[in-house]
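Enquirer: Fold the stuff below for me.
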Amino acid sequence: QVQLVESGGGLVQTGDSLRISCAASGRTLSESTMGWFRQAPGKEREFVAAVIWTGVTYHADSVKGRFTVSRDNANNWLYLQLNSLKPEDTAVYYCAAECNGPVYSFRSYNYWGQGTQVTVSS
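Expert: Sure thing, here's the model as predicted:
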């Protein structure tokens with residue numbers, strides 16, 4: 001069994017930066033694809049970014065150039081650096097692990113964290 005715990009969310013202003021983290025425990029995920037998704041009120045959960053165990057990364061078009069996903073395989077951590085934040089980035093951000101399909105589909109992932117709230121004020 002895998003447990004994922006996100007941290008680092010908060011209230012920031014437009015243009016600010018934030019780094020959110022995900023700590024994985026239970027077993028090593030060094031060969032697992034891990035990703036970030038977000039969900040705003042009244043909207044579906046949407047893909048943000050993912051990183052393959054080799055280090056190859058994918059980012060949604062809406063965050064490309066502003067957000068960067070990374071991972072620390074040795075310590076089972078996943079990170080998301082959020083720069084140039086906009087009010088439309090406001091959402092609960094979820095960490096996901098063990099992908100068995102397209103990286104951009106939330107249905108592909110077997111494990112999920114509880115989420116961390118990111119709120120961007122205008």
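
Enquirer: if I look at the residue positioned nearest the centre of the chain, how far off is Ser122?
Expert: Nearest to the mean C-alpha position of the chain, by C-alpha atoms, centre = their mean, lies Trp36 at 2.3 Å. As defined by C-beta to C-beta, to the nearest Å, Trp36 lies at a distance of 23 Å from Ser122. Where you see a C-beta, it was placed from the backbone N, CA and C, and this is true even at glycine.

Enquirer: now swap in Phe67 and tell me
Expert: Distance of Phe67 to Ser122, given as C-beta to C-beta: 19 Å.

Enquirer: Next up, the contacts around the closest residue to Ser32 other than its chain neighbours.
Expert: Of all residues beyond its chain neighbours, the one nearest Ser32 is Glu98 (4.9 Å), with distances taken as C-beta to C-beta, 6 or more residues apart in numbering. Counting by C-beta atoms under 8 Å, 6 or more residues apart in numbering, Glu98 touches Val2, Leu29, Ser32, Thr33, Tyr109, Asn110, Tyr111.

Enquirer: Who does the nearest residue to Ala96 once chain neighbours are set aside form a beta bridge with?
Expert: What sits nearest to Ala96 in space, not counting adjacent residues and going by C-beta to C-beta, 6+ apart, is Tyr109, at 3.8 Å. Listed beta-bridge partners, Tyr109: Cys99 (assigned using DSSP bridges).

Enquirer: No more questions from me, cheers.
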